[in-house]
Every structure is written in structure tokens, then in C-alpha cells.
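> okay, here's the prediction I keep looking at, along with the sequence it came from:
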Amino acid sequence: MTPLLVRAGAPLLLFVYGTLRLVDGRDGHHDKDGALWNVGHACFFIAFVLLAALTVHAYRALHRVVALPAVVAALFGAGCFLWVIAGDIFPSFPELPGALQVIGPALFQLGMLTLLVLLTLARHVPWWSPAVVVAAFAAIGASLDLIPLAAVLLFVGLLPLGRPVTATPAGAA
């Protein structure tokens with residue numbers, strides 16, 4: 001069972017970040033030295049720390065070697081996100097190499113979705129959980145202005161991770 005703080009905290013903080021981003025950008029630009037930018041990005045950073053913790057909890061629920069590449073991809077991707085966010089907060093922070101700015105988010109999404117699909121196949125989460133998370137990722141891909149909507153979808157998609165995990169029947173793979 002994934003703690004409520006992790007499965008609800010990450011989407012909530014992502015929602016706060018997305019909302020502050022919308023408010024900050026209502027005049028057509030984002031004030032990179034302003035309070036809304038800094039508070040929003042701090043929320044974004046903590047959200048990704050929690051999402052990284054969520055991937056570890058998902059991996060532990062599976063107890064399968066096949067899930068290891070997915071958790072590694074998700075954690076590597078989360079690390080790339082954290083690097084970029086740290087650079088947004090602290091301008092003197094070194095920039096993430098360009099290729100990793102594309103590969104990192106893709107690996108995070110691929111790893112997280114793979115873990116959710118594996119959890120679905122193991123009957124730990126319903127089929128719609130990874131589908132809703134795909135919708136959340138698609139919303140962000142369509143427009144960063146949809147981050148608050150994506151956060152709500154992410155909350156719904158991750159909610160089933162709070163269910164107690166039952167033992168896998170003998171002989172099941």
C-alpha cells in the first residue's frame with residue numbers, strides 16, 4: 001500500500017505548481033525572479049521527489065525483476081526533471097544536457113506507465129489506472145497550461161495504489 005502522502009501529495013503539489021504557473025503567466029510572461037515562480041517550482045520539485053518515491057513503492061509491490069528496468073527508467077527520468085527544476089529555481093545551477101531534457105521526461109513517463117501496467121496485470125490496480133495516467137501525461141504534452149487538469153487526472157490514476165496489496169496466487173507469474 002502506497003502512503004497517502006505520496007499518492008495524493010505529488011498530484012496536489014503538481015496542481016499548485018500548475019495553478020501558480022497560470023497565475024504568473026496571465027500577463028503573457030513568467031517572472032523568473034518572482035514569488036509565484038519560486039513557490040511553484042518548489043512545489044514542482046517536491047512533487048517529483050514524491051513521484052520518485054511512488055515508483056519505488058510500485059516496484060516493491062510487484063516483487064518482480066521484470067519491473068527493474070521500468071523503475072530505473074522512471075527514477076532516471078525523475079532525476080532529470082529534478083535537475084531541470086533546480087536550474088529553474090537557481091540560475092547558476094548547471095544546465096541539463098539537451099538530449100537528456102528530451103530523453104529524461106520520456107523515460108519517466110515510460111517507466112511509470114510500465115510499472116502501472118505491470119501492477120494492472122498483477123491485479124493490484126484496475127485497468128483504468130494507467131489509462132488515466134496516460135491522459136494526464138497527454139494533457140501536459142498538449143499544453144503546460146493543462147498541468148492543473150493533468151494533476152487531477154494523475155490523482156485519480158494513482159488513487160488505486162492505496163489499496164492493500166494481496167499476495168499473488170501460487171504459480172502466478
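Ah, there it is. Just so it is clear, the structure is predicted and the values come from calculations on it, not from any experiment.

> secondary structure class of the residue minimising distance to the centre of the chain, three-state.
Centroid-nearest residue in the chain: residue 51, 4.6 Å away (criterion: CA atoms, centre = their mean). Secondary structure, DSSP: H, G, I helix; E, B strand; the rest coil: residue 51 is helix.

> in contact with it, which residues?
Neighbour list for residue 51: 10, 74, 78, 108, 112 [criterion: CB atoms under 8 Å, 6 or more residues apart in numbering]. Any C-beta I mention is one placed from the backbone N, CA and C, and that applies to glycine too.

> closest to residue 124 among these?
Nearest to residue 124 among the contacts of residue 51, counting by CB to CB, is residue 112 at 14.5 Å.

> just the pLDDT at the residue nearest to the centre of the chain, thanks.
Residue 51 is assigned 96 on the pLDDT scale.

> state the distance from it to residue 136.
11 Å (CB to CB, to the nearest Å).

> how about residue 118?
Residue 118 sits 18 Å away from residue 136, going by CB to CB.

> what sits up against stretch 5-12?
Here stretch 5-12 has contacts from 46-48, 50-51, 53-54, 57, 151-152, 154-155, 158-159, 161-162, using CB under 8 Å, 6+ apart.

> residue ranges with poor pLDDT in the chain?
1-2, 163-173 (pLDDT under 70).

> repeat that for 50
167-173 (pLDDT under 50).

> one step back: and which of the contacts of residue 51 is nearest to residue 25?
Residue 25 lies nearest to residue 10 out of the contacts of residue 51, by CB to CB, at 22.3 Å.

> what is the burial count for residue 87?
Residues near residue 87, counting by other CB atoms under 10 Å, number 15.

> where does it sit, in terms of helix or strand?
Residue 87 is located in helix 68-89, with elements delineated by DSSP states H and E.

> thanks a lot, see you next time.
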